[in-house]
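Enquirer: here's a sequence, model it:
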Amino acid sequence: MIEVGDKEEAIKSALEAANVFPRQEKFFRRLEALAQLRLGRFAEAELLYAKLTSGGRPDWWIFKEHGQALRELGKFEDALTSMSKAALSNRKLEAMVSLFSDIGFVCRQTDLKQDARNHLLLSKHIREKHGWAVSQAICAGITELNQELSDLSGPEDFDGVLAECQRFWRRTVGAHYDLREASLKSKGLKRMLKGKLKMGPPERPYCFLLSDTRESYFCRKSDLPGGVTDGVTVQFDAMPSFDKKKIQESWKAINVRPI
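Expert: Sure thing, here's the model as predicted:
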């Protein structure tokens, strides 16, 4: 509905769904925010995205969309911070080509010319690597910036451009910032737990550990030590995780070992 239908009706449906399925409220609130963004209601969208990014470990595209709303409101520094968080929270560069060009154009608006050129080059490199078209706006932007920065040479190869962009992201959000590490440090680890292994169907790549306190911990079967079988009691540690299906924080079992 957001893409091809009535965006107003999409907002109404998202609000109704959030009430019916409260455990997936964040999922539907994101759709509400996206519809507001597409309708050009940037202030309303920004408020929704601010709430979505205030807790837990949001997906990278939430930060990206929040950055778009902030940019439209003229809050360029905040937009770059949100977009940089998006870039740091996903390792699949090919999924973020539009994000990188967005960062480049916002940097251009704020007169960060070298950073603008680096991000446009990064987007161009990735597109060319995958045989994707490079937009005229990106090519024109790089040409203009090369002319304006004629006395300042920049990295020429992909690795050099990526390294410069990564330095920009960390500088923008904080030199030691990392979404995953920040989440783990804030919540900590559970150590020396005991639980019973529930393997489930053999074709399923994951299993669960049911602790003595009846708490359930997700675990990938590939992380299990050899020789363990269904129903066996094991010792393990647990780290914070995020259940994308249920849209809520959870725990993942690590360092599983037989007793």
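Enquirer: the closest residue to residue 200 other than its chain neighbours in helix, strand or coil?
Expert: Excluding the flanking residues, the one nearest residue 200 by CB to CB, 6 or more residues apart in numbering is residue 207, at 5.6 Å. Quick note: C-beta positions are derived from backbone N, CA and C, even for glycine. When classified by DSSP: H, G, I helix; E, B strand; the rest coil, residue 207 comes out as strand.
Enquirer: number of nearby residues for the nearest residue to residue 212 once chain neighbours are set aside?
Expert: Nearest residue to residue 212, sequence neighbours excluded (CB to CB, 6+ apart): residue 194, at 5.5 Å. For residue 194, the number of neighbouring residues by other CB atoms under 10 Å comes to 13.
Enquirer: and the helix or strand hosting residue 197, what does it pack against?
Expert: Applying DSSP states H and E as the criterion places residue 197 in strand 190-198. Strand 190-198 is packed against strand 206-211, strand 233-243, strand 248-258, with contacts defined by 3 or more CB pairs under 8 Å, 6 or more residues apart in numbering; DSSP states H and E.
Enquirer: again, only using 6 Å
Expert: Here strand 190-198 touches strand 206-211, strand 233-243, going by 3 or more CB pairs under 6 Å, 6 or more residues apart in numbering; DSSP states H and E.
Enquirer: among these, which is nearest residue 148?
Expert: For the helices and strands packed on strand 190-198, proximity to residue 148 was assessed by CB to CB; strand 233-243 is nearest, at 42.3 Å.
Enquirer: buried residues in that closest one?
Expert: 234, 236-241 (16 or more other CB atoms under 10 Å).
Enquirer: and the helices in the chain?
Expert: Taking DSSP state H as the criterion, the chain contains helices spanning 7-20, 25-38, 42-52, 60-72, 76-88, 97-109, 113-129, 136-148, 158-173, 179-187.
Enquirer: including mean pLDDT and distance to residue 255, could the ones you listed go into a markdown table?
Expert: Shown next, in a markdown table, are those (pLDDT from 0 to 100; distance: least, CB to CB, whole Å):
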| stretch | mean pLDDT | distance to residue 255 |
| --- | --- | --- |
| helix 7-20 | 94 | 37 |
| helix 25-38 | 94 | 29 |
| helix 42-52 | 96 | 32 |
| helix 60-72 | 96 | 27 |
| helix 76-88 | 95 | 26 |
| helix 97-109 | 97 | 34 |
| helix 113-129 | 96 | 36 |
| helix 136-148 | 96 | 45 |
| helix 158-173 | 93 | 29 |
| helix 179-187 | 46 | 14 |
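Enquirer: out of those, which gets nearest to residue 224?
Expert: Here helix 179-187 is closest among the helices of the chain (CB to CB), at 21.5 Å.
Enquirer: so what pLDDT did the residue nearest to residue 200 get?
Expert: Here the pLDDT value assigned to residue 207 is 94.
Enquirer: rewinding a little: partners of the strand holding residue 197 in the sheet?
Expert: Note on strand 190-198: by DSSP bridges, its sheet partners are strand 206-211 (antiparallel), strand 233-243 (antiparallel).
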